[in-house]
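Visitor: Test case, fold it:
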Amino acid sequence: MSQPRHFLDIDQIDGAALRGILDEAKARKAARAGQAKGLTDQDLPLAGKILAMVFIQPSTRTRVSFDVGMRQLGGETIVLNSDDLQLDRGETMADTGRVLSRYVDAIMLRTKSHEMLSELVAHATVPVINGLTDASHPCQLMADVMTLEEHRGAADGQVVAWAGDGNNVATSWIHGAAQFGYELRLACPEPLHPSERAVRWARNNGAAITVTESVEEAVAGADCVVSDAWVSMHDEDSADRHNMLAPYQVNEQLMAHAKNDAVFMHCLPAHRGEEVTAGIIDGPRSLAWDEAENRLHAQKGILTWCLG
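Guide: Modelled structure (predicted):
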């Protein structure tokens, strides 16, 4: 029996395969608009397939995009929230993975614990997709690169600046710098620096990565500025955290340091007046809504790669 094709982290998948996923995503998006050559929206490669979506952490975009994407590919979904499972009653994620593998064709897990994802992968016999953990968010990165390339051209050679917490989304941006060729500058307060392991891996694989505490230095001349919520689902909402991150707010003054035609990206949900001002995220430079839409198309590329 062949090993299932998991989508777990950007650093664990061959660059050519990642590019193929994006090509599929772009073709599927074009098909929805009636613009794809040789591909129509009636092409249903996952007919008869079932995806189990397991949510230990809540979701808007991940849930809807995977659900709609699977249906548009001809498949079906089943949603399992934490209250629907027996984990709180002592059943292990290993046993959950063994059982779900007997029922469905793939499993998407969104959870706080990366260890929980690893346990599932070790015992599942169907493809597993990382819908988010406290360590990374690879599905978001695929949608973000797709969006960047739609508006700025090939990611290779672009300069991307990250402002704020060096969190799980930042980790996937770091992995992506090695796989897609953009230069990445991360401006984070020292206690919230990104994963040293991720930075080391990316640099060892040819990525240009800068980690600094100066947000102006990171943003200077950038093609794209990226931010994320100051308080994620697994973080403690504290005054100290807000005080540390306040200088990293993406506002009109900070964006003035970037290129005149630079774009702003945010994976949502956004908190106007905290990590970004309303004038930036709701303004003409914001790609946040295109990113949200492209979660759907990127997810379809991931699903067809895992199940194709």
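Visitor: Just give me the neighbour total for residue 193.
Guide: Using other CB atoms under 10 Å, the number of residues around residue 193 comes to 16. In short, each C-beta sits where N, CA and C put it, glycine included.
Visitor: Report pLDDT for it.
Guide: Note on residue 193: pLDDT of 97.
Visitor: And residue 36, by the same measure?
Guide: pLDDT for residue 36: 60.
Visitor: before we move on, what about residue 66?
Guide: pLDDT, read off for residue 66, is 98.
Visitor: Check residue 277 too.
Guide: We have a pLDDT of 98 for residue 277.
Visitor: How confident was the prediction at the closest residue to it other than its chain neighbours?
Guide: Nearest non-adjacent residue to residue 277, counting by CB to CB, 6 or more residues apart in numbering: residue 251, 4.5 Å away. Looking at residue 251, its pLDDT is 98.
Visitor: And residue 28, how close does it get to residue 301?
Guide: Per CB to CB, to the nearest Å, residue 28 is found 7 Å from residue 301.
Visitor: Report the contact partners of residue 284.
Guide: Contact criterion CB atoms under 8 Å, 6 or more residues apart in numbering gives no residues in contact with residue 284.
Visitor: Could you measure from it over to residue 144?
Guide: Residue 284 sits at a distance of 19 Å from residue 144 (criterion: CB to CB).
Visitor: what's the closest non-adjacent residue to residue 224?
Guide: residue 160 (4.7 Å).
Visitor: Please save the CA atoms from whichever strand or helix holds that neighbour in CSV.
Guide: Assigned by DSSP states H and E, residue 160 falls within strand 159-163. Coordinates of each C-alpha in strand 159-163 appear next as CSV, following Å, rounded to 0.1, in the frame of the first residue of the first chain:
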residue,chain,number,x,y,z
VAL,A,159,10.7,41.8,-1.2
VAL,A,160,8.2,40.9,1.5
ALA,A,161,8.2,42.6,4.9
TRP,A,162,6.5,41.0,7.9
ALA,A,163,5.5,43.3,10.8
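Visitor: quick one: residue 216 and residue 124, what's the gap?
Guide: Counting by CB to CB - residue 216 and residue 124 are separated by 46 Å.
Visitor: wait, residue 91
Guide: In terms of CB to CB, residue 91 sits 15 Å off from residue 124.
Visitor: What of residue 110?
Guide: As for residue 110, its distance to residue 124 is 15 Å (criterion: CB to CB).
Visitor: what's near enough to touch the closest residue to residue 203 other than its chain neighbours?
Guide: Spatially, and ignoring its direct neighbours in sequence, residue 203 is nearest to residue 209 (5.6 Å; CB to CB, 6+ apart). Residues near residue 209 by CB under 8 Å, 6+ apart: 174, 177, 183, 184, 185, 186, 199, 202, 203.
Visitor: could you dump the residues you listed to JSON lines with neighbour count?
Guide: Below are those laid out as JSON lines (neighbours: other CB atoms under 10 Å):
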{"residue": "174", "neighbour count": "29"}
{"residue": "177", "neighbour count": "27"}
{"residue": "183", "neighbour count": "17"}
{"residue": "184", "neighbour count": "29"}
{"residue": "185", "neighbour count": "24"}
{"residue": "186", "neighbour count": "26"}
{"residue": "199", "neighbour count": "22"}
{"residue": "202", "neighbour count": "25"}
{"residue": "203", "neighbour count": "14"}
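Visitor: ok, of those, which one's closest to residue 245?
Guide: Top of the list for closeness to residue 245, among the contacts of residue 209 and by CB to CB, is residue 186 at 13.3 Å.
Visitor: Next, the closest one: secondary structure please.
Guide: Look at residue 186: counting by DSSP: H, G, I helix; E, B strand; the rest coil, its state is strand.
Visitor: which helix is the longest one in this structure?
Guide: Criterion DSSP state H: the longest helix present in the chain is helix 288-307.
Visitor: for it, packing partners?
Guide: helix 15-32, helix 61-72, strand 106-110, strand 128-132, helix 138-152, strand 263-266 (3 or more CB pairs under 8 Å, 6 or more residues apart in numbering; DSSP states H and E).
Visitor: Could you list every helix and strand in contact with the shortest one?
Guide: This means strand 263-266. Secondary-structure packing of strand 263-266 (3+ CB pairs under 8 Å, 6+ apart): helix 138-152, strand 224-227, helix 278-281, helix 288-307.
Visitor: pLDDT weak spots in the stretch 101-250 of the chain?
Guide: Residues of the stretch 101-250 of the chain meeting the criterion pLDDT under 70: 233-237.
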